[in-house]
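Colleague: Predicted coordinates and the sequence they were generated for:
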Amino acid sequence: MSEEAWTKMLVVSLALHIIVLGVFSIPIKFPSKKIDLSSAYSVNLVGSAGGLGGEPGGPKAAVKSKPEPKPDKPAPVVKEKKVPPKKPQPIQKEDDAVSLSKKKVPPKTKTTKEEVDRLEERIRNIRKKTDYIDVAKAGSGGSGGPGRGTGAGIGLPGSGGGSGAPLDPAMQKYLLDVYEKIKNAWNVPGTAKKELETIVTIKVRKDGRITDINIEKRSGNRVYDESVLRVLRAVEPLPTIPQSLNADSLEIGFRFVPGGIS
Amino acid sequence: MDVSSADMYTGGLIGMILSAGPMAKAVMVILLFFSIVAWTIIFMKYRQYSRTEAEGERFFRAVKEADSFKKLISVYRDSQDNAFYRLVLACYKEVTSRQKDNPGRIRREDIPAIEDMLRIAISDESVKLERRLSFLATTANTAPFIGLFGTVWGIMDSFREIGVRGTTSLAVVAPGISEALIATALGLATAIPAVLAYNYFLGRLKRILSRMENAAIYLVNILEK
């Protein structure tokens, strides 16, 4: 058949391919489910960079520890939830801790500087009493008053860092190990935007098994959240909790931002 | 790798293809080329066959009315670029060359020679009709293998990635495999229409050729009148 007809058909064929490819390349976007977590009350005694980084500097650090991208600062956080509170003070502290660590709870988000200061004061008082002995008992449930004090010391957002108080070295090392392991295994999705942030708390058993994964805050990006959950499943088992910590289980919170984990 | 894992959800097919490795891209380009050429041939053949079939219809209508060659040829004065006209013409030329010494009449012993001539004309036409149809068969047979090659290559890459990263997390493996599988998908998407079209055209070709043979018999009959 004639040359002209060939060209014509070639054009038709090209057009067909472009149309088909075009149709298939329309971006498929899945609406990401947004779960309203505001009603769920969960206590998060988040101790941020302070304890591990040994960052000094009182209230300033405390304010800083609110979710805010801090890529290179390793800062696993420990929280305790199920220890029956025996002192009124720790309870108070727990409430405030929520307000500090979780932006999501709107009325509590506005942590004033006075509040922070007040908190610092209290923590320091408790620290004096407990003298960091019972850090390890954070998750052991039965450990009463003194254990709580230190537990909170680790956990409270900024409080650890704020007062520049050192963590129990064993705990610090353990948290660093966990942090390193997760950081190494985590592939940040390439298209993740800078402002994405997923907050997750996990419960670790003595043998390093993760018994519970709890998303405290979703980033809104499904792929990103998935990647976080994937890495948590992938790193299992975590390092075993050292004997010296004397804890049956620990709850650790992580904040995943594209720059790193804290 | 990381880019592709997110693109899978947001970038669609193009994003996936663009984020693939060089070998996967090469395979996809080859497959795209095959696909474009195959579809060009499909359109081309469809037109050619439809036209030839329409001409066949016209020929049979004309041949039933016409009682001589002159009349039959006059039907084709306007459109001479068609298979059935060439058949008539081949026959006519043969007849006139044999009638040189004895115009207007045809001898019985010349009939087999004219039939041979028609057979040759038919086989010429069938070559024209079959031309490039073999490309469809080639596409149908090779495209899946080319795609498979791309996939195997991509999966090899993925496994190497596992080795390098030292993690078997699905996040590392899955994007590579998913990328690799596009190659097979494209291979199949190229091959399936080619297979369908090839078989369809083969059936049509058979019908057209049998019509041509019938036409040759009609022509000989006219001569014998």
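Modeller: Cool, got the structure.
Colleague: wait, what's in contact with residue B:129?
Modeller: Residues near residue B:129 by C-beta atoms under 8 Å, 6 or more residues apart in numbering or on different chains: B:48, B:49, B:52, B:83, B:205, B:208, B:209. For every residue, glycine as well, the C-beta is placed using N, CA and C.
Colleague: Spell out the secondary structure type for the second one.
Modeller: The three-state label for residue B:49, taken from DSSP: H, G, I helix; E, B strand; the rest coil, comes out as helix.
Colleague: what about the nearest residue to it once chain neighbours are set aside, how many residues close to it?
Modeller: Of all residues not flanking residue B:49 in the chain, residue B:204 sits nearest, at 5.0 Å (C-beta to C-beta, 6 or more residues apart in numbering or on different chains). Here the number of neighbours of residue B:204 (other C-beta atoms under 10 Å in any protein chain shown) works out to 18.
Colleague: So which elements touch the one helix or strand residue B:204 maps to?
Modeller: Taking DSSP states H and E as the definition, residue B:204 sits inside helix B:170-224. Using 3 or more C-beta pairs under 8 Å, 6 or more residues apart in numbering or on different chains; DSSP states H and E as the contact criterion, the secondary-structure elements in contact with helix B:170-224 are helix A:222-234, helix B:2-10, helix B:12-18, helix B:22-65, helix B:69-75, helix B:83-98, helix B:111-130, helix B:133-165.
Colleague: any idea how far residue B:139 lies from residue A:220?
Modeller: When distance is defined by C-beta to C-beta, to the nearest Å, residue B:139 is 45 Å away from residue A:220.
Colleague: Give me the below-cutoff pLDDT ranges for chain B.
Modeller: B:1-13, B:79-80, B:100-106, B:172, B:225 (pLDDT under 70).
Colleague: what about the residue of it most remote from its centre, distance to residue A:185?
Modeller: The centre of chain B is farthest from one residue, residue B:166, which by C-alpha atoms, centre = their mean lies 49.5 Å away. From residue B:166 across to residue A:185, the span is 9 Å (C-beta to C-beta).
Colleague: if I pick residue 205, what's in contact with it?
Modeller: In the absence of a named chain, this looks at chain A. Neighbouring residues of residue A:205 by C-beta under 8 Å, 6+ apart: A:211, A:241, A:248, A:249.
Colleague: meant chain B actually
Modeller: Contacts for residue B:205 (C-beta under 8 Å, 6+ apart) come out as B:49, B:126, B:129, B:130, B:133.
Colleague: The residue nearest to residue B:49 against residue B:51, yeah?
Modeller: No - applying C-beta atoms under 8 Å as the test, residue B:204 and residue B:51 come out as separate, 11.8 Å apart.
Colleague: just the helices in the stretch 151-262 of chain A please.
Modeller: Listed in chain order, the helices found in the stretch 151-262 of chain A under DSSP state H, counting those that start in this stretch are A:159-162, A:169-185, A:222-234.
Colleague: Buried ones from the contacts of residue B:205, can you make that a ChimeraX selection?
Modeller: Under the burial definition 16 or more other C-beta atoms under 10 Å in any protein chain shown, those of those that qualify are selected in ChimeraX by:
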select /B:49,126,129,133
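Colleague: Mind telling me the two of the contacts of residue B:205 farthest from one another?
Modeller: B:49 and B:126 (12.1 Å; C-beta to C-beta).
Colleague: related to what we said a few turns ago, mind checking which of residue B:139 and residue A:220 has more residues around it?
Modeller: A direct count of neighbours by other C-beta under 10 Å for residue B:139 and residue A:220 places residue B:139 higher, at 27 against 15.
Colleague: Closest to the centroid, which residue in chain B?
Modeller: Residue closest to the average C-alpha location in chain B (C-alpha atoms, centre = their mean): residue B:133, at 3.1 Å.
Colleague: count of residues packed around residue B:119?
Modeller: Quick note: residue B:119 (other C-beta under 10 Å) scores 14 neighbours.
Colleague: for residue A:184, that is, sorry about that
Modeller: Other residues near residue A:184 number 12, with proximity taken as other C-beta under 10 Å.
Colleague: gap between it and residue A:203?
Modeller: Taking C-beta to C-beta as the measure, residue A:184 and residue A:203 are separated by 21 Å.
Colleague: likewise residue A:124?
Modeller: For residue A:124 relative to residue A:203 (C-beta to C-beta), the value is 29 Å.
Colleague: what's near enough to touch the closest residue to residue B:90 other than its chain neighbours?
Modeller: What sits nearest to residue B:90 in space, not counting adjacent residues and going by C-beta to C-beta, 6+ apart, is residue B:121, at 3.9 Å. When contacts are counted by C-beta under 8 Å, 6+ apart, residue B:121 is found next to B:86, B:87, B:90, B:91, B:216.
Colleague: rewinding a little: any chance of the backbone angles for the residue farthest from the centre of chain B?
Modeller: The main-chain torsion angles of residue B:166 are listed as degrees, to the nearest 10 and equal phi 70, psi 20.
Colleague: For stretch B:55-64, buried residues please.
Modeller: Of the residues in stretch B:55-64, B:55, B:56, B:58, B:59, B:62, B:63 count as buried by neighbour count, 16+ other C-beta under 10 Å.
Colleague: now swap in stretch B:191-200 and tell me
Modeller: B:191, B:193, B:194, B:195, B:197, B:198.
Colleague: Now do it: everything it contacts.
Modeller: Applying C-beta under 8 Å, 6+ apart, the external contacts of stretch B:191-200 come out as B:38-39, B:41-42, B:45, B:133, B:136-137, B:139-141, B:143-144, B:147.
Colleague: Would you point out the most distant pair within those residues?
Modeller: Taking every pair in the contacts of stretch B:191-200 and measuring C-beta to C-beta, the maximum separation is 23.8 Å, between B:45 and B:147.
Colleague: quick one, what contacts residue B:20?
Modeller: The neighbours of residue B:20, taking C-beta under 8 Å, 6+ apart as the test, are B:4, B:28, B:154, B:179, B:182.
Colleague: among those residues, which ones are buried?
Modeller: B:4, B:28, B:154, B:179, B:182.
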